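K.L.:
Predicted model and sequence follow; I will ask about them next.
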There are 2 protein chains.
Amino acid sequence: MSTKSTAERILDAALQLVSEKGYTAATTKAIADLAGVNEVTIFRHFGNKRGILKAIIEQFSYFPLLQEEINKNVTWELETDLLNFSVKHFNFLMSIKDFVMIGFKEAMQFPEINEEIANIPLHIKNELIHYLQEMHERGKIREIDFEAAALSLIAVNFGHFISRARLGTIVSDMPTEILLKTSISIFSRGLAP
Amino acid sequence: MSTKSTAERILDAALQLVSEKGYTAATTKAIADLAGVNEVTIFRHFGNKRGILKAIIEQFSYFPLLQEEINKNVTWELETDLLNFSVKHFNFLMSIKDFVMIGFKEAMQFPEINEEIANIPLHIKNELIHYLQEMHERGKIREIDFEAAALSLIAVNFGHFISRARLGTIVSDMPTEILLKTSISIFSRGLAP
DNA sequence: CTAGCATGTAAGTAATTACTTGCATGAAAG
DNA sequence: CTTTCATGCAAGTAATTACTTACATGCTAG
């Protein structure tokens, strides 16, 4: 027996199926079967099918951003800090992978998802800009467009994440750690004065 | 009147609708309406609904990769070449944006799409590795893991592409040119000896 | 023990969807 | 002019889907 509540099991099943097949193709019957509950139970809990997705979106909108986590452990040593951020960012994206995938598939039917997902890079961008500015003032990085630099770093991490999450090792079987490490090595050297 | 053939109009409509809503939610009736043809015409041309997607996939599998284009205009001046590549790569992705989006949504139902899409970074990676090796031999870049470096560059471009294609200017309204230029500035400086 | 609450079961309904068939029409080609 | 071919139109079908209603069952709290 699962220790999770009925509602949780339904949400888990829906998250999985919708992220795999998309909202329309994930039928309420299939969700009920995977959750191990009767189909009517879904409607008693969430009213209608959209209600399931709304609950999932709410669940993730309270998801703790990695924001605070990033600011911890700042050493003001460029490569160390950036690698630390990069690994955390990557792992964070992996932890909400299914939700990100739903975001890709259901942006039209559920615009709220897109907003929720867009918030992530937006917040991270601002944190990074702050960090880079401070580092510049400390004379540790050269004069550069901080926003563009922040966006670049986010883009690398996101690119690696998508590649791994969607294509696995087809493009490269290189361990993620080495990939991130090399990326950050290049990136931090590119920022150095 | 459109100058395109009936089959082409159907494929265009299907590409648009499936990339927006996903395969299941894009009904044959909606595709027919958008294409301005009768629903039966779809089945006469493509047999069944899957036939439409198969035709779309075939269409894109003959799509000229940007591979040859990249090798043109090589100046063996690092930043110039990488920026040139980056812009071409980005524009290429934008030109097949709808197809990429379908790839994200229908990987489960149509595994062929994923293979087709994975081929793109795979080919580009090999081209880039070659270029970086040659540049290393010419003493223009430092000793580094060339595969990881190539993957990093591809990841940045892909990240920027996804950000623009999916989120528009929500994350940043910075012009794409400046974004790419700064990214390449950092990246090429990070590779320099 | 009992009252309430969550869930299962059974049955059904209205709408939608992919797909078929038969026939009419109009344009192009021989 | 006539045949052929692509398409439109009308009607229908079997399956699926989201969702409802009514009733039975079992667990838990008072």
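P.N.:
Perfect, I can see it now. Residues are numbered from 1 along each chain as shown, chains lettered A, B, ... in the order given.
K.L.:
In terms of secondary structure, what does the lengthiest helix in chain A contact?
P.N.:
In chain A, with assignment by DSSP state H, the single longest helix is helix A:111-137. Under the contact criterion of 3 or more CB pairs under 8 Å, 6 or more residues apart in numbering or on different chains; DSSP states H and E, helix A:111-137 touches helix A:49-61, helix A:67-71, helix A:78-95, helix A:97-105, helix A:146-167, helix B:146-167. (Each C-beta comes from the backbone N, C-alpha and C, glycine too.)
K.L.:
Can you name the residue of chain A nearest to DNA strand C?
P.N.:
Residue nearest to DNA strand C within chain A: residue A:6 (3.0 Å; CB to the nearest atom of the strand).
K.L.:
For chain A, list the residues in contact with DNA strand D, please.
P.N.:
A:24, A:26, A:27, A:28, A:29, A:39, A:40, A:43, A:47, A:48, A:49, A:50 (CB under 7 Å from any atom of the strand).
K.L.:
List phi and psi for the second one.
P.N.:
To tie it back to what came earlier, the one meant is residue A:26. Backbone torsions of residue A:26, given as degrees, to the nearest 10, read phi -90, psi 100.
K.L.:
what residues are up against it?
P.N.:
A:14, A:17, A:18, A:20 (CB atoms under 8 Å, 6 or more residues apart in numbering or on different chains).
K.L.:
Can I get those residues in CSV including secondary structure, pLDDT and distance to DNA strand C?
P.N.:
Converted to CSV, the contacts of residue A:26 look like this (DSSP: H, G, I helix; E, B strand; the rest coil; pLDDT from 0 to 100; distance: CB to the nearest atom of the strand, whole Å):
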residue, secondary structure, pLDDT, distance to DNA strand C
A:14, helix, 98, 15
A:17, helix, 98, 17
A:18, helix, 98, 18
A:20, helix, 96, 19
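K.L.:
buried sites along stretch A:165-180?
P.N.:
Across stretch A:165-180, burial judged by 16 or more other CB atoms under 10 Å in any protein chain shown covers A:166, A:167, A:171, A:172, A:176, A:179, A:180.
K.L.:
and of these, the nearest to DNA strand D?
P.N.:
Using CB to the nearest atom of the strand, these come closest to DNA strand D at residue A:166, 24.7 Å.
K.L.:
Does residue A:187 touch residue A:153 like I think?
P.N.:
Yes - Residue A:187 is within contact range of residue A:153, at 6.2 Å (criterion: CB atoms under 8 Å).
K.L.:
Give me the common contacts of those two.
P.N.:
residue A:82.
K.L.:
which residues touch residue A:176?
P.N.:
Applying CB under 8 Å, 6+ apart, the residues near residue A:176 are A:90, A:160, A:164.
K.L.:
can you tell me which residue is nearest the centre of chain A?
P.N.:
Nearest residue to the geometric centre of chain A (CA atoms, centre = their mean): residue A:93, 2.9 Å.
K.L.:
Report pLDDT for the residue nearest to it when sequence neighbours are not counted.
P.N.:
Leaving aside its sequence neighbours, residue A:93 sits nearest to residue A:161 (CB to CB, 6 or more residues apart in numbering or on different chains; 4.3 Å). In this model, residue A:161 is scored at 98, pLDDT.
K.L.:
Just give the number of residues close to residue A:161.
P.N.:
For residue A:161, the neighbour count with other CB atoms under 10 Å in any protein chain shown is 21.
K.L.:
For it, list the residues it contacts.
P.N.:
Per CB under 8 Å, 6+ apart, neighbours of residue A:161: A:90, A:93, A:94.
K.L.:
quick revisit: can you flag the weakest of the helices and strands packed on helix A:111-137 by average pLDDT?
P.N.:
helix A:67-71 (a mean of 69).
K.L.:
Can you give me the pLDDT of residue A:66?
P.N.:
Residue A:66 is assigned 68 on the pLDDT scale.
K.L.:
swap that for residue A:39, please
P.N.:
97.
K.L.:
So residue A:114 versus residue B:73, what's the distance?
P.N.:
Taken as CB to CB, to the nearest Å, the spacing of residue A:114 relative to residue B:73 amounts to 37 Å.
K.L.:
These two: which is more packed in?
P.N.:
Set residue A:114 next to residue B:73 and count neighbours by other CB under 10 Å: residue A:114 wins out with 18 against 11.
K.L.:
Find the nearest non-adjacent residue to that one, please.
P.N.:
Per CB to CB, 6+ apart, closest to residue A:114 is residue A:107, 4.8 Å.
K.L.:
The one you found reaches residue A:118, doesn't it?
P.N.:
No - at 10.2 Å, residue A:107 does not count as touching residue A:118 under the criterion of CB under 8 Å.
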